[in-house]
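Chemist: model the structure of this input:
(chains A, B, C and D)
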There are 2 protein chains.
Amino acid sequence: MVVGEDRSGGHADEAQEVADRLHGAAIHLLRRLRTEDVESGLTAPRLSALSVIVFGGPVTLGELAAAEQVRPPTVSRLVRDLEQGGLVTVEPDDTDRRIRRVRATPRGSLLLIEGKARRVQRLAQDLRALTGRERRTLREATAILERILHPEGRPGPGGD
Amino acid sequence: MVVGEDRSGGHADEAQEVADRLHGAAIHLLRRLRTEDVESGLTAPRLSALSVIVFGGPVTLGELAAAEQVRPPTVSRLVRDLEQGGLVTVEPDDTDRRIRRVRATPRGSLLLIEGKARRVQRLAQDLRALTGRERRTLREATAILERILHPEGRPGPGGD
DNA sequence: CTGATTACTTAGCACAACTAAATATATTCG
DNA sequence: CGAATATATTTAGTTGTGCTAAGTAATCAG
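Modeler: So this is what the prediction gives:
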């Protein structure tokens, strides 16, 4: 755990400090980006669930419940509402008719993808004001981040 | 998502690509950090309000309403609940007795600060596995980020 | 002092999201 | 077959957040 490898002569724990600032930056970043989400017309839980459905292929309600960490009834209603909005379709499983599989409609996928595009667009605009060097620093930083915190895991929702 | 950035000999839109990756990284980062928040026992609006109170010094209810972008009655109730939980205290203003100032209790501050520490701690641990050069890249990146997306805004809440 | 404004509260409504408990139905296994 | 198990739904209720409308109380402007 504690690896005193701070040879840079800085203060006690450089990692701690960078983590702290990174934390703040991520919060501010997403805070700004999230404002674009309102336009989707979906609430956060629905957006999150839709994301799992879009990127996670057809999923059963049970899987969705596990992914979203909610109880079955919550998912039932959630899916019903998404279905009513034309964003997902539900089909029975061929071999096990207890199971219902949820799949995103083209409209559901589009809504999510466009939402993300809106978010990213906003950020890209800010990035154009930077120097090439600064952008490269950001690029390198994201690569590092993705490496350390996304070894394996479920696809991230468009949530926040 | 964003791909074809190479077909015209150069980067069609480097900013767009970096934005896309940054977006993904921020989502994954907060996804990880946010799991720690559940332990606070507070809901997102309360956590956010408490953060404004803790870091924004004593604030009036009106200021809090403006910061959180909600109507006065919503804040009244929010503060009442926080007060009931022993996380904040409310005092009248000396010169203007219509005004009520909200201040965090030691327990309220501690809850927030420890919550943040929990979040950051996890990340700091990952960062210790990096080289000094990589950490420096991350540090520079956060500085750039904070600069472009936090020109002069209100203090950021610890919510996400 | 009177009237308008400001700061906040109270009361009541609506709604989203969650839950536990009680089903209904389908599958699996002894 | 029949019992246990698994999947999802329905029912009924809670919690939390937000709103508006209407009220109280303090301050300010004339």
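Chemist: rest of the way, CA atoms for contacts and neighbours
Modeler: Will do.
Chemist: quick one: A:R122 and A:R34 touch, right?
Modeler: No. Look at A:R122 against A:R34 with C-alpha atoms under 8 Å: they stay out of range, at 10.4 Å.
Chemist: neighbour count winner among those two?
Modeler: A:R34 (19 against 15; other C-alpha atoms under 10 Å in any protein chain shown).
Chemist: you'd agree that one is in a helix?
Modeler: Yes. Per DSSP: H, G, I helix; E, B strand; the rest coil, A:R34 lies within a helix segment.
Chemist: please report how far it lies from A:D94.
Modeler: 39 Å (C-alpha to C-alpha, to the nearest Å).
Chemist: and if you look at A:R77?
Modeler: For A:R77, the distance to A:D94 - C-alpha to C-alpha - is 23 Å.
Chemist: what does A:I144 give?
Modeler: Distance from A:I144 to A:D94, by C-alpha to C-alpha: 43 Å.
Chemist: of these two, who's got more company?
Modeler: A:I144 (18 against 9).
Chemist: is it fair to say that one lies in a helix?
Modeler: Yes. Under three-state DSSP, A:I144 falls within a helix.
Chemist: surely it meets B:R135?
Modeler: No. Checked against C-alpha under 8 Å, the pair A:I144 and B:R135 is beyond contact range at 9.0 Å.
Chemist: gap between A:G41 and A:V102?
Modeler: 20 Å.
Chemist: these two: which has the busier surroundings?
Modeler: Set A:G41 next to A:V102 and count neighbours by other C-alpha under 10 Å: A:V102 wins out with 23 against 10.
Chemist: what is the neighbour count of A:L149?
Modeler: 17.
Chemist: hmm, I was thinking of A:E134
Modeler: Neighbour number of A:E134 under other C-alpha under 10 Å is 16.
Chemist: just checking, it touches B:T142?
Modeler: No. Here A:E134 lies out of contact with B:T142, judged by C-alpha under 8 Å, at a distance of 10.8 Å.
Chemist: contact partners for A:I99?
Modeler: Residues in contact with A:I99 (C-alpha atoms under 8 Å, 6 or more residues apart in numbering or on different chains) are A:T60, A:L61, A:P92, A:D93.
Chemist: reformat those as CSV; add pLDDT.
Modeler: Shown next, in CSV, are the contacts of A:I99 (pLDDT from 0 to 100):
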residue, pLDDT
A:T60, 96
A:L61, 95
A:P92, 90
A:D93, 89
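Chemist: of those residues, just the buried ones, PyMOL syntax please.
Modeler: Here is the PyMOL command that picks out the buried ones among those, judged by 16 or more other C-alpha atoms under 10 Å in any protein chain shown:
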select buried, chain A and resi 60+61
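Chemist: just the ones of the contacts of A:I99 in helices?
Modeler: Counted as lying in helices by DSSP state H, out of those, are A:L61.
Chemist: which of the contacts of A:I99 are close to DNA strand D?
Modeler: A:T60, A:L61 (C-alpha under 7 Å from any atom of the strand).
Chemist: A:G85: which of the contacts of A:I99 is nearest?
Modeler: A:L61 (17.3 Å; C-alpha to C-alpha).
Chemist: pretty sure that closest one is touching A:V75, no?
Modeler: Yes. With contact defined as C-alpha under 8 Å, A:L61 counts as touching A:V75 (6.5 Å).
Chemist: distance of A:I144 from B:R133?
Modeler: Distance from A:I144 to B:R133, by C-alpha to C-alpha: 11 Å.
Chemist: make that A:E14, sorry
Modeler: Distance from A:E14 to B:R133, by C-alpha to C-alpha: 12 Å.
Chemist: who has more neighbours out of the two?
Modeler: Neighbours were counted for A:E14 and for B:R133 using other C-alpha under 10 Å; A:E14 has more, 22 against 9.
Chemist: what pLDDT does the model give that one?
Modeler: Listed pLDDT for A:E14 reads 84.
Chemist: what's the weakest-modelled helix or strand in chain A?
Modeler: Lowest mean confidence among the helices and strands of chain A (mean pLDDT, DSSP states H and E): helix A:14-34, at a mean of 82.
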